[in-house]
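Visitor: Turn this into a structure:
(chains A and B)
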Amino acid sequence: MAKTIRLSRQTVWVLKALLEAPGQWRYGYDLSRETGLKSGTLYPVLMRLTDRGWLMTRWEESEPGRPARHMYRLSAEGARAAREMVTAGRQRGFVLKPSAHEGGA
Amino acid sequence: MRAEAEYTESGWEALRWAVGCAAVIGREWLLDGIAVRLRSGERVLVGVLAGKEKSMRRALIAVAIVAVTSVAFWMMPSGRQALEIAASFMRNGNIFSIMPSQRKVEQWRKEALATKNARLLTFVALMEKNPTDALAAADAAVKIDPNDAWVYTQLALRSGRGPLMSKTGEDKFFERAKLYDAKNGVVLAEEAGRAVRKWEPFGTAAGNPAWYGNRSTVVASPMEPWKTLMEEGVAAQKFTTYGDEYSKLMTWAAKEKYLRGPQELLIALAMQGMVDLGNLRNYAVYTVADKSGSVEEQGTRALQVAGFGERLAVNGQTDIEQMMGQYIEMAAYGRLSEPAMSGGYAPLFAERVQSLKTATAERGRSSFYQLDGLMVWNAMLVEIAALLAVASLVVLLLMVLRLVMRPEGRFTVAALWSSAAVFVGMCALCVVLYQPFAALYQSALSSPPAAQHYKLYLLLMSFGSTPLIRGIFGVMIFGRALGLVMVLVVLGAAWLVGHEMMRRARRRAEA
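Guide: This next block holds a predicted model:
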């Protein structure tokens, strides 16, 4: 089992956004808009989650003249851990940002 | 990260995205390193702590390096001078706030008395702010070496005028000067000046020597004994303020490290006692403007004044005295050139008059101190290096504080190493960039007085004329800015401690 990550609001927001569609590959900018986190905050979270094996990553096939984009998706272990952390976050009273699927910003 | 910037909604959003990404890359470079592919295809990890254990031991090594560098930097004279000069301008905006403390003067006095060092006692007498202590030191010096009696004349000339000495005790200095140096024209002129109650207009502007123009001539009231003493003083064979002896003593004090660096030396030199030049000028102009007696008697008086002026212009021990000597000569020659003065004096001094006019015109055209642009920019780099060294030291100390509170902090250790590296680099840069000024100072110590003054002013005004001091921060504002920085540092430390205490309280609550 992977080492537990420190529970922070920002980490919970990212995991919640990824849990909305666990099998779907997500771009960094889309996650940023969904969670409200800026790039300087978002990417360290993504990098920690990737290091722990909770996220899978891949490069998208790029359009000609454009750089390839990196995509993220929860692994099986990550999905399980994410549900636990989101639940723990609710219990701690973290304010959970509404996701796009819920019609929020 | 970079690719995502192309999918942002606006240019401003792309800029913010890129700035955030740069911060992430910088942080990773500090902490874990960034994988860089070389031309050979090999991938290496590049970073401050890349691949290394981020431990408390490494943090302590960084602190030790900074501590050793600080000591080495401070012990190096050029490093210390660079920092002191830069800091004094940034703190006070001028160089004249640097003075040896009374505690130091007291230490020197004890040392001098214990070792019976007349030279050091003379120096102490001239550095003392208390007239009674100054007189005691001077008496002790003269008792050991009577050749140091010139110090009484210097003290008498300085008393009651500069920022250091109160009027209390000035009579005793003058009494000693009259006792030991009675034949010195400067002492006689000083006594004449002290006898003046007020200055009164003499004659009319029309009666002035040609050079003096329309300014009103003044004469002392009461006329006697001022006139008699001034006549004796001007005619005396010896007319000296002992400027050479004074400069040599201060230079010796700088070489022996009693005076630290160019600032204290320049201030000490500036404290030199001088004859009352206004008194000399008033006497000279009154004498040549006085139309009493025959034309021959008037001419004789004017010749005597011209002779005195020439002696002062040639032998004056400061450039101001030399300039006054030239002005007095011009007044006398102006009078001697008038048509009313029969005897054809004018042709006798035509050449001298022309050289004086040329010297006066050249002085008016030239700037006394020509600053070298390259030296000013060099000085600014020293100031910037000093600022960055201090800033990095502050950051390092804050990181040490944070590390004490959170030993596992990875970013803290990396920031600590980075600030240590900046500190060491800036100290080295400061020393290297200050070398031309250090060489100029050493040259000043072995120069005659006039050149010495020039070199010291050149050195210090290079620092005082940088765009950093005069432009960006401004002379007055920067002193307050430094105070603001200190407040921010204290607030930063308080925030670190408070934030850590809150974090621990939250952890305990969660547990």
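
Visitor: Rounded mean pLDDT for stretch B:384-399, please.
Guide: Per-residue pLDDT over stretch B:384-399 has a mean of 84.

Visitor: in it, what's buried?
Guide: B:384-399 (16 or more other Cβ atoms under 10 Å in any protein chain shown). Heads up, the C-betas are built off the backbone N, CA and C, glycines and all.

Visitor: Check stretch B:235-247 too.
Guide: Buried residues in stretch B:235-247 (16+ other Cβ under 10 Å): B:Ala236, B:Phe239, B:Thr240, B:Thr241, B:Tyr242, B:Gly243, B:Glu245, B:Tyr246, B:Ser247.

Visitor: and what of stretch B:120-131?
Guide: B:Leu120, B:Leu121, B:Thr122, B:Phe123, B:Val124, B:Ala125, B:Leu126, B:Met127, B:Glu128, B:Asn130, B:Pro131.

Visitor: What about these, which are in strands?
Guide: Residues from the buried residues of stretch B:120-131 lying in strands, with DSSP state E as the criterion: none.

Visitor: Just the buried residues of stretch B:235-247: which are in helices?
Guide: Judged by DSSP state H, helices contain the following of the buried residues of stretch B:235-247: B:Gly243, B:Glu245, B:Tyr246, B:Ser247.

Visitor: coming back round to it: out of the buried residues of stretch B:120-131, which is nearest to B:Ala332?
Guide: Proximity of the buried residues of stretch B:120-131 to B:Ala332 (Cβ to Cβ) peaks at B:Leu126, which lies at 34.5 Å.

Visitor: tell me the contacts of that closest one?
Guide: B:Ala134, B:Val151, B:Gln154, B:Leu155, B:Tyr246, B:Leu249, B:Ala268, B:Met271 (Cβ atoms under 8 Å, 6 or more residues apart in numbering or on different chains).

Visitor: Nearest to chain A: which residue in chain B?
Guide: B:Gly20 (3.3 Å; Cβ to the nearest Cβ).

Visitor: How about the contacts made by that residue?
Guide: A:Lys38, A:Ser39, A:Gly40, A:Thr41, A:Leu42, A:Tyr43.

Visitor: Near chain B, which residues of chain A are found?
Guide: Proximity of chain A to chain B is confined to A:27-29, A:32, A:38-44, A:47, A:62, A:66-70, A:92 under the rule Cβ under 8 Å from any Cβ of the partner chain.

Visitor: can you list the domains in chain B?
Guide: With automatic domain parsing as the criterion, the domains of chain B are listed as B:3-46, B:56-95+B:375-510.

Visitor: any idea which of these is most buried?
Guide: Of all these, domain B:56-95+B:375-510 carries the top mean neighbour count, a mean of 17, counting by mean count of other Cβ atoms under 10 Å in any protein chain shown.

Visitor: What is the distance between that domain and the centre of its chain?
Guide: 21 Å (Cα atoms, centre = their mean, to the nearest Å).

Visitor: ok, back up a step: okay, the domains of chain B in TSV with distance to B:Asp319 next?
Guide: Below are those laid out as TSV (distance: least, Cβ to Cβ, whole Å):
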stretch	distance to B:Asp319
domain B:3-46	56
domain B:56-95+B:375-510	6
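
Visitor: weakest of the ones you listed in terms of mean pLDDT?
Guide: Of all these, domain B:3-46 has the smallest average pLDDT, which comes to a mean of 72.

Visitor: and B:Val186, how many neighbours does it have?
Guide: 25 (other Cβ atoms under 10 Å in any protein chain shown).

Visitor: ok, and the closest non-adjacent residue to the most centrally placed residue in chain A?
Guide: The centroid of chain A falls nearest to A:Val14 when counting by Cα atoms, centre = their mean (3.6 Å). Excluding its sequence neighbours, the residue lying closest to A:Val14 (Cβ to Cβ, 6 or more residues apart in numbering or on different chains) is A:Val45, at 5.1 Å.

Visitor: name the helices or strands packed onto the helix or strand that contains that neighbour?
Guide: If you go by DSSP states H and E, A:Val45 is part of helix A:39-51. For helix A:39-51, the contact count by 3 or more Cβ pairs under 8 Å, 6 or more residues apart in numbering or on different chains; DSSP states H and E identifies helix A:9-19, helix A:28-35, strand A:55-59, helix B:11-31 as packing neighbours.

Visitor: In JSON lines, list the ones you listed along with distance to B:Gly213.
Guide: JSON lines is the format used below for the helices and strands packed on helix A:39-51 (distance: least, Cβ to Cβ, whole Å):
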{"stretch": "helix A:9-19", "distance to B:Gly213": "82"}
{"stretch": "helix A:28-35", "distance to B:Gly213": "81"}
{"stretch": "strand A:55-59", "distance to B:Gly213": "90"}
{"stretch": "helix B:11-31", "distance to B:Gly213": "68"}
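
Visitor: Tell me which of these lies nearest to B:Phe308.
Guide: Among the helices and strands packed on helix A:39-51, helix B:11-31 comes nearest to B:Phe308, with 73.7 Å by Cβ to Cβ.

Visitor: Can you check what angle separates the closest one from helix A:39-51?
Guide: If you take axes from the mean of the first three to the mean of the last three Cα atoms, to 10 degrees, helix B:11-31 sits at 50 degrees to helix A:39-51.

Visitor: can you confirm B:Val219 is in a strand?
Guide: Yes. Counting by DSSP: H, G, I helix; E, B strand; the rest coil, B:Val219 falls inside a strand.

Visitor: which stretches of the stretch 151-300 of chain B have low pLDDT?
Guide: B:160-170, B:205 (pLDDT under 70).
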